[in-house]
Every structure is written in structure tokens, then in C-alpha cells.
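> return atomic coordinates for the entry below.
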Amino acid sequence: MSEKTISQHFSNDQVDFTVQRKPHCIVEFSAKASAVFTKSLYDKAVKAVAKEVSVPGFRKGKAPEHMIKSSHATAIDKQWQQFLGNDVFRACELLCSIPTLNRDTRVQYRLNSHSLEGADILFSFESEPQVPDVDPSLLTPTPVPLEDIDEKKVQEVLDEVRLFFAKWIPIADRGVQDKDFVEIHLDSLEGETSERVASNSRLEINSNLTPWLYQLLIGMKPNEEREGVSAPGSNASEEEKAHFTPKKVRVTLLRIEEAELPLVDDAFAQKIGAESADILKERLTTLLQKRAKQVQKQVYHDELSHLLSEKYIFDIPHSLLHAEIKHRIDQLFKDPKARKDFSSLSEDEKKQRVENIRVHAESALRLFYLCKKIALENNLVIHPSEIDFHPTSLLDAMFADRELTNPNKTDEQRNLATSRLLLEKALDHLLDKILH
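Sure, this is the predicted structure:
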């Protein structure tokens with residue numbers, strides 16, 4: 001980030017100080033306290049010590065000040081320095097309106113000199129980032145087409161709904177064929193010993209299945225094993241294909257089942273929250289159109305996030321960045337496979353992986369602060385009903401955000417959901433400005 005130091009000067013009848021903004025959101029106050037302010041804090045220190053000490057011949061707190069000053073000078077000076085640190089900093093903070101990063105931020109200070117003529121103190125602390133204003137005219141995302149919801153798409157989803165109520169018929173006298181449902185184990189045969197990649201995975205045999213796995217499964221019978229080599233899916237991007245590493249695998253077929261689907265009549269529609277079969281199809285169409293808009297919006301959000309992180313570069317406090325990097329690494333290492341893969345990297349590769357995590361963490365924090373500023377400036381808020389969504393029918397539940405319908409959210413989950421929704425609202429607001 002920028003290595004520039006920006007200075008400002010402030011003063012009133014209590015303090016005269018210079019603010020220096022340094023890299024990584026470090027702020028320094030180089031402050032001089034006035035003689036009047038310094039003396040008032042000295043008097044405050046004398047009274048504080050007087051309340052705590054005992055002087056022979058006097059009740060606690062009732063000894064004359066001159067006796068307290070002469071017999072407890074060291075304690076008074078210690079208390080005075082503490083008041084100077086706290087009260088002078090507070091006076092500076094109020095005057096320049098530069099808050100600390102959060103309540104737990106440690107303020108370091110060096111008392112260069114202090115007397116009844118005044119005090120010279122240097123304060124240093126982490127502050128909130130200086131977030132720039134976002135100009136929507138500088139952001140031009142690529143137009144994203146909206147998926148067309150036709151009768152075929154509605155029927156596909158309707159068949160998925162019917163599967164929830166299907167009667168499952170086990171098949172034992174033939175091999176796998178189209179429209180079957182199978183349960184398999186998948187093992188990698190790359191190492192000296194086989195490694196289980198997936199257990200009891202349930203798949204539907206259709207054209208959406210990865211071609212190499214489809215060809216391997218067709219004709220297999222229960223308890224049969226076949227070996228093959230994995231390959232990228234037909235929908236994989238050129239980049240994904242270039243980075244894909246084929247692996248030798250073994251498929252074990254556990255069982256074959258056929259689904260006997262229920263008729264789509266009024267009784268079926270009522271089971272899932274629609275009054276009739278016709279209304280069910282209408283509601284499905286509406287829900288699919290809504291989901292298509294959400295998918296379109298998410299693509300816009302992803303590109304906007306990228307554009308914002310490219311165009312608006314500003315300092316992030318070290319403490320926040322380090323905490324975010326640690327959180328991401330901790331989350332990554334919760335996955336045993338990811339932990340094993342990382343340990344197999346060379347030292348240079350490990351450094352590069354950590355650097356990639358740092359870059360993504362810094363971008364995420366900048367995006368958070370940009371969206372937070374947009375939300376504050378435009379009064380965008382998240383209401384409790386948005387965090388706790390309660391679907392009233394099976395149909396609504398199928399299309400709902402599972403993160404929001406969970407009735408047993410932890411405080412951390414609620415905070416994460418709130419942050420995500422606020423970020424989405426801010427990006428929605430920005431997108432509306434760009435597109436209209």
C-alpha cells in the first residue's frame with residue numbers, strides 16, 4: 001500500500017496536536033497539553049490519591065492536600081501520568097474525530113515530558129481504514145443474460161420434486177441403464193494403496209453425469225467393480241481442462257433402484273403447498289424465474305466484487321489482515337485432504353499458497369469496508385426477519401436459502417449471515433445505479 005504519511009493539525013484550549021496517518025492505518029497524535037489542562041489533571045491525580053491513602057491523625061481522604069503532595073509525590077505522579085495518557089488522548093480523539101479500530105484496540109503512548117507548564121505526549125494506534133467513495137460510472141460489468149424458464153425446465157424441476165415422494169424399486173436382475181438411480185463407492189488407485197474418495201454416493205444415470213463415469217456405470221450390476229480413468233466434465237472450462245490431472249479410479253456399484261414417481265394431480269400439489277396441479281406449475285415457474293434472477297445477480301455481484309477490488313486500493317489494518325489470514329488458513333486445514341496436500345508442497349509453493357490467501361483476504365476486507373460504507377450512506381439495514389426465514393410450505397423450503405432457514409443458528413452463524421446479506425444489499429444498490 002501507500003507509504004505516504006499524511007499530516008493534519010488541530011488545536012483548542014486543552015490540546016495542540018498534529019495527526020499523522022501512516023501506512024496500514026496507523027495513526028499518531030503528537031500532542032501538547034496546555035498548562036491549564038495539565039494542571040487540572042494534576043489536581044485530579046492529587047484527589048484520586050488522597051481518597052486511597054491514610055495520613056496519621058486524619059480520616060481517610062480528609063488529610064490536607066499539602067501533606068498528601070509532600071508524602072505521596074511518587075503515587076501522585078504515577079496517577080497524573082495515567083490521567084495525562086487517558087484524558088489527553090480522549091481530548092485529541094474528540095477534536096479530530098478519528099476513532100480507534102475497535103474497543104479493544106491498544107493505544108500506545110510515550111510521555112516525553114510533563115510539568116505544571118504542560119505535557120508533550122506521542123500516541124500511536126490502529127484506526128478504521130480510510131474508505132474511498134465508490135463512483136458507479138467507473139464500474140462497467142459485462143451484461144449477464146437472464147435464463148429463460150420454459151416448460152421443459154419447469155417439468156425437470158417438477159420431476160425433482162416428485163422424487164421426494166417416489167416409491168423406490170430395487171433392481172437386481174439387470175445392469176445399470178438410463179434413468180436408474182445408483183449408489184456407489186469411489187476409490188482412487190493413484191497411491192500404493194487405494195484411497196476412498198466417496199462413500200455411498202447416490203447418482204442418477206442421465207446425460208448430466210460426467211461422461212467417463214457414465215460410460216463406466218452403464219451395464220454394471222450390483223456388487224460389481226470396474227476401474228477407469230477420470231477426465232474433466234464436458235462443461236469444464238479450458239482452464240479447468242488444462243489443470244485437470246487424470247486419475248485411475250475404481251467404482252463399486254452397491255445397488256440399483258428405479259423411481260416410481262407419483263402422478264401430478266391436485267392431491268399431490270396440496271402435499272407441497274399448492275392448491276391445485278395448475279397452480280403448482282405456475283408457482284414453480286415463478287420460483288424458477290426468481291432463482292434465475294438470483295443467479296444472474298450473483299454473476300454480477302462476483303464481477304462487481306472483482307472490479308471494486310481492482311479499482312479501490314486502500315490500506316487495511318495489520319491486525320485485521322492477520323486475523324483474516326489466520327481464519328482462512330485454519331478453515332483450510334480443517335479439511336484433512338487440504339492439510340495433506342499443503343504438507344506435500346515445496347517451501348516455495350507453500351509461500352505462494354499463503355501469499356494467495358493473503359491477497360484474497362485483503363481483497364475480501366476491502367470489499368467488506370466498501371460495502372459497509374455504501375450501506376451506511378444509503379441506510380441499508382438487515383431486519384431480523386431476513387435472517388430468520390420460515391418457509392410455510394415444502395415448495396418454499398426447496399427454494400429457500402438453507403443458511404437462513406436454519407432455526408438453530410449460532411451467534412457466529414447469525415453474524416456471518418448478517419454480513420453476507422448486507423454485502424449483497426450494498427452490491428444490489430450499486431448494481432441498480434449502474435444498470436439504470
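> which element, helix or strand, includes residue 10?
Assigned by DSSP states H and E, residue 10 belongs to strand 6-11.
> ok, now residue 358?
Going by DSSP H and E, residue 358 is in helix 347-377.
> what's the angle between the next helix or strand after the strand holding residue 10 and strand 6-11?
Sequence-wise, the next helix or strand downstream of strand 6-11 (DSSP H and E) is strand 15-22. Angle, strand 15-22 to strand 6-11, by axes from the mean of the first three to the mean of the last three Cα atoms, to 10 degrees: 170 degrees.
> which residues of this structure score low on pLDDT?
1-5, 57-62 (pLDDT under 70).
> what comes up buried for the helix holding residue 358?
Buried residues in helix 347-377, counting neighbours by 16 or more other Cβ atoms under 10 Å, are found at 357-358, 361-375. Where you see a C-beta, it was placed from the backbone N, CA and C, and this is true even at glycine.
> show me what that helix packs onto, helices and strands only.
Counting contacts by 3 or more Cβ pairs under 8 Å, 6 or more residues apart in numbering; DSSP states H and E, helix 347-377 is packed against helix 277-311, helix 318-333, helix 411-435.
> how far away from the center of its chain is the first one?
In terms of Cα atoms, centre = their mean, to the nearest Å, the centre of helix 277-311 is found 20 Å from the chain centre.
> show me which residues of that helix are buried.
277, 280-281, 283-285, 287-289, 292, 297, 300-301, 303-305, 307-309.
> please apply the same query to the shortest one.
Applying a neighbour-count criterion of 16+ other Cβ under 10 Å, one finds 319-321, 324-325, 328-329 buried in helix 318-333.
> and which of these is nearest residue 428?
Of all these, residue 324 has the smallest distance to residue 428: 24.2 Å, by Cβ to Cβ.
> which residues touch the longest strand anywhere in the chain?
Taking DSSP state E as the criterion, the chain has its longest strand at strand 248-260. Strand 248-260 is contacted from outside by 163, 166-172, 174, 176, 179-190, 194, 197, 200, 213, 216-217, 220-230, using Cβ atoms under 8 Å, 6 or more residues apart in numbering.
> ChimeraX command for the buried members of these?
Buried subset of these, written as a ChimeraX selection, criterion 16+ other Cβ under 10 Å:
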select :171,176,180,181,182,183,184,185,186,187,188,213,216,217,220,222,228,230
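> from the contacts of strand 248-260, which land in helices?
163, 213, 216-217 (DSSP state H).
> distance to residue 92 added to those, as JSON lines?
Below are the ones in helices among the contacts of strand 248-260 laid out as JSON lines (distance: Cβ to Cβ, whole Å):
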{"residue": "163", "distance to residue 92": "66"}
{"residue": "213", "distance to residue 92": "66"}
{"residue": "216", "distance to residue 92": "71"}
{"residue": "217", "distance to residue 92": "71"}
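> identify the farthest-apart pair in those.
It's 163 and 216 that sit farthest apart of the ones in helices among the contacts of strand 248-260, by Cβ to Cβ, at 23.5 Å.
> and the helix holding residue 358, how far out from the chain middle?
Worked out by Cα atoms, centre = their mean, helix 347-377 lies 10 Å from the chain centre.
> please put the alpha-carbon coordinates of whatever helix or strand comes next after it into PDB.
Per DSSP H and E, the first helix or strand lying C-terminal to helix 347-377 is helix 384-387. Presented in PDB, the C-alpha positions along helix 384-387 are these (Å, rounded to 0.1, in the frame of the first residue of the first chain):
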ATOM      1  CA  PRO A 384     -34.300  -9.900  11.800                       C
ATOM      2  CA  SER A 385     -37.000 -11.400   9.500                       C
ATOM      3  CA  GLU A 386     -34.400 -11.600   6.800                       C
ATOM      4  CA  ILE A 387     -32.000 -13.600   9.000                       C
END
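> and helix 384-387, how far out from the chain middle?
Relative to its parent chain, helix 384-387 has a centroid offset of 18 Å by Cα atoms, centre = their mean.
> tell me the buried residues in the helix or strand following it?
Reading on from helix 384-387 to the C-terminus, the next helix or strand found by DSSP H and E is helix 394-399. Neighbour counts over helix 394-399 (16+ other Cβ under 10 Å) mark 395-396, 398-399 as buried.
> just the closest of those residues to residue 389, please.
Nearest to residue 389 among the buried residues of helix 394-399: residue 396, at 8.9 Å, using Cβ to Cβ.
> could you verify my assumption that the closest one touches residue 273?
Yes - Residue 396 is in contact with residue 273 according to Cβ atoms under 8 Å; the separation is 6.6 Å.
> how far away is the nearest residue to residue 299 once chain neighbours are set aside from residue 401?
Nearest non-adjacent residue to residue 299, counting by Cβ to Cβ, 6 or more residues apart in numbering: residue 144, 4.7 Å away. From residue 144 across to residue 401, the span is 20 Å (Cβ to Cβ, to the nearest Å).
> again, but for residue 357
Per Cβ to Cβ, residue 357 is found 27 Å from residue 401.
> now swap in residue 201 and tell me
25 Å.
> since we're on residue 38, how many residues are nearby?
By other Cβ atoms under 10 Å, 23 other residues sit near residue 38.
> phi and psi next, for it.
phi -60, psi -40 (degrees, to the nearest 10).
> so what's the residue count around residue 115?
Other residues close to residue 115 by other Cβ under 10 Å number 11.
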